[in-house]
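In: Provide a 3D model corresponding to the input given below.
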Amino acid sequence: MSKTRIAFIGAGNMAASLIGGLRAQGLDTALIRASDPGAETRARITAEHGIEAFEDNAQAIDGVDVVVLAVKPQVMKAVCETLKPNLKPGQLVVSIAAGITCASLQAWLGAIPLVRCMPNTPALLRQGVSGLYATREVTMEQRRQAEQLLSAVGTALWLDEEQQLDAVTAVSGSGPAYFFLLIEAMTAAGEKLGLPRETASQLTLQTALGAARMAVSSDVDAAELRRRVTSPAGTTEAAIKSFQANGFEAIVEQALQAAAKRSAELAEKLGK
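Out: Numbering: from 1, shown residues only. Here you go, the predicted structure:
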């Protein structure tokens, strides 16, 4: 992306994360610009990243190769309708807004090359993961540009069907909150077992971090890693059996089904 010109419509946290990731990869700040209605937000993004920031979206997208839609889903329709007259043929639009389908975006923008993405909040630490779906208008070069953009804040995975983004939302988009909930519960349980709260918190957090790193770096799957630390008739087996007796796997599946269903419902609602 050394020569790709990129404009961010919306300069909030996720846009700032992507800009920071692109800069860390060596993209010249002269090739990056942003727009935002908030004067304070514009001042912050300029101060932190040394890029131009505009109040006018049309100024921001003039002459760029990639337009990143990083605004709240609730205002996306209005933003797209003001952008449409200023988009040029061949410009790639990348949407990182949750719940807005390609059909809705193209209804508001026209039949433009479009990549829809579902990142997650660890992107703020460049440890995110994103699902990407491209419409048929997107060229191979534009797919590469979109992948490199999202790879700047973590891992980018292509999907064959747009509907799979609902599952991505359920697994990784909402996923960090599930782990936070487990961390909350383990910390509270450790405290009830007699540990000082700060000690229980540190033990839980470091265990979560270590387990995640083991899973990422291992050449075997999570099930095998679990088996390796579960000694017969040991303490871990006692805990695992308690989880399973209370329907742990079913609870997780039901939770993700609920998240995916809600993602589809929001897409229908926001696209109107």
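
In: Outline the domain layout of this protein.
Out: What automatic domain parsing lists as the domains of the chain is 6-166, 175-266.

In: Tell me which of these sits most buried.
Out: Highest mean neighbour count of the domains of the chain: domain 6-166, a mean of 19 (counted as mean count of other CB atoms under 10 Å). Where you see a C-beta, it was placed from the backbone N, CA and C, and this is true even at glycine.

In: Can you give me the end-to-end span of that domain?
Out: Taking CA to CA, to the nearest Å, domain 6-166 runs 27 Å from one end to the other.

In: one step back: export the domains of the chain to a markdown table and tack on mean pLDDT?
Out: Shown next, in a markdown table, are these (pLDDT from 0 to 100):
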| stretch | mean pLDDT |
| --- | --- |
| domain 6-166 | 95 |
| domain 175-266 | 97 |
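
In: Ala24 contacts Val153, doesn't it?
Out: No: Ala24 is not in contact with Val153 according to CB atoms under 8 Å; the separation is 9.5 Å.

In: for this protein, longest helix please?
Out: Longest helix in the chain, counting residues (DSSP state H): helix 248-270.

In: packing partners for it?
Out: Contact analysis of helix 248-270 by 3 or more CB pairs under 8 Å, 6 or more residues apart in numbering; DSSP states H and E lists helix 164-168 as its packing neighbours.

In: Would you map the strands across the chain?
Out: Here the chain has its strands, by DSSP state E, at 6-9, 32-35, 52-54, 66-69, 92-95, 114-118, 128-134, 154-158.

In: which one of those lies closest to Ala200?
Out: Nearest to Ala200, of all the strands of the chain, is strand 128-134, at 27.7 Å by CB to CB.

In: between Ala24 and Val153, what contacts are shared?
Out: Arg126 (CB atoms under 8 Å, 6 or more residues apart in numbering).

In: now Gly20: how far from Lys261?
Out: Relative to Lys261, Gly20 is positioned 34 Å away (CB to CB, to the nearest Å).

In: oh, I was asking about Ala222
Out: According to CB to CB, Ala222 and Lys261 sit 25 Å apart.

In: Figure out how far the longest helix of the chain is from the centre of its chain.
Out: Centroid separation for helix 248-270 versus its chain: 17 Å, with CA atoms, centre = their mean, to the nearest Å.

In: likewise stretch 203-219?
Out: With CA atoms, centre = their mean, you get 21 Å for stretch 203-219.

In: which residues touch Gly131?
Out: So Gly131 contacts 117-118, 157-159, 164-165, 168, 172 (CB under 8 Å, 6+ apart).

In: how about a cut-off of 10 Å?
Out: 116-120, 150, 155-159, 162, 164-169, 171-173 (CB atoms under 10 Å, 6 or more residues apart in numbering).
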